[in-house]
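> pasted the sequence and its predicted model underneath.
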Amino acid sequence: MRRQHGAALLVLLAVLFTVATAAAVAALRPLARPDRTVAAQQRALALARDALRGHALQQHCADPARPLDALLACPEGPAAEGVAAAACPGLTRGWLPWRTLGLPPLHDASGTCLWMERDGSTARVIAAGPPVAGQLRGAAPGRTLCPGSVDPAQYLDAGDVAGALVLDAATVAAACP
């Protein structure tokens with residue numbers, strides 16, 4: 001009889017230990033998630049920046065006479081979702097042209113598709129994050145994979161995370177055989 005009581009106590013302790021361990025893991029899981037989400041965002045920003053650089057170098061190799069400030073892809077244009085505008089003089093902001101760059105739609109930690117800013121031979125890939133006070137992000141017609149308005153003011157603010165890319169003549173010149 002006593003052996004059975006001892007065995008039951010051991011089983012009870014094992015069950016309590018398992019429940020306590022599961023509860024501790026469940027409590028700590030949300031703490032680990034932001035790190036993974038931020039890491040995924042950093043990978044998306046780096047991938048977009050590398051794709052922009054690759055696209056610019058490909059443009060240069062196809063036409064070495066093309067000026068440095070015409071090599072980077074423009075932000076998305078009005079023609080189709082994910083397709084770069086044909087021209088973007090001066091400082092231009094818009095959605096990352098993921099189709100033009102041969103990428104899937106890339107998202108930031110909040111689930112918002114990436115934006116970009118281009119000014120000559122300089123570009124920034126931008127993780128807009130969740131809306132801040134005063135930003136209204138309504139749907140826009142024709143935008144199914146990266147839904148939302150095309151108004152940068154509704155997405156871009158001082159709290160955004162960005163990855164910069166600056167093309168320089170030496171790097172571009174060394175890209176082609």
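It's in. Numbers count the residues shown, from 1 in each chain.
> just the helices in the protein please.
Listed from the start of the chain, the chain has helices (DSSP state H) covering 2-62, 169-173.
> give the buried residues for stretch 147-155.
Buried residues in stretch 147-155, counting neighbours by 16 or more other CB atoms under 10 Å, are found at 148, 150, 152, 154, 155. Any C-beta I mention is one placed from the backbone N, CA and C, and that applies to glycine too.
> quick check: the farthest pair among the residues you listed?
For these, the farthest-apart pair by CB to CB is 148 and 152; their separation is 11.0 Å.
> about what we covered before: which of the helices of the chain has the lowest mean pLDDT?
Taking each of the helices of the chain in turn, the one with the lowest mean pLDDT is helix 2-62, at a mean of 72.
> nearest to residue 86 among the buried residues of stretch 147-155?
Taking CB to CB as the measure, residue 150 is the one of these closest to residue 86, at 16.0 Å.
> got the confidence number for the closest one?
pLDDT recorded at residue 150 is 86.
> separation between it and residue 167?
Per CB to CB, to the nearest Å, residue 150 is found 25 Å from residue 167.
> so residue 125 sits right up against residue 96, yeah?
Yes - with contact defined as CB atoms under 8 Å, residue 125 and residue 96 form a contacting pair (6.4 Å).
> shared neighbours, those two?
Common contacts of residue 125 and residue 96 (CB atoms under 8 Å, 6 or more residues apart in numbering): 48, 114, 115, 116.
> my guess is the last one contacts residue 123. True?
Yes - with contact defined as CB under 8 Å, residue 116 reaches residue 123; the gap is 5.9 Å.
> return every residue with contacts to both of the two.
Shared contacts of residue 116 and residue 123 (CB under 8 Å, 6+ apart): residue 52.
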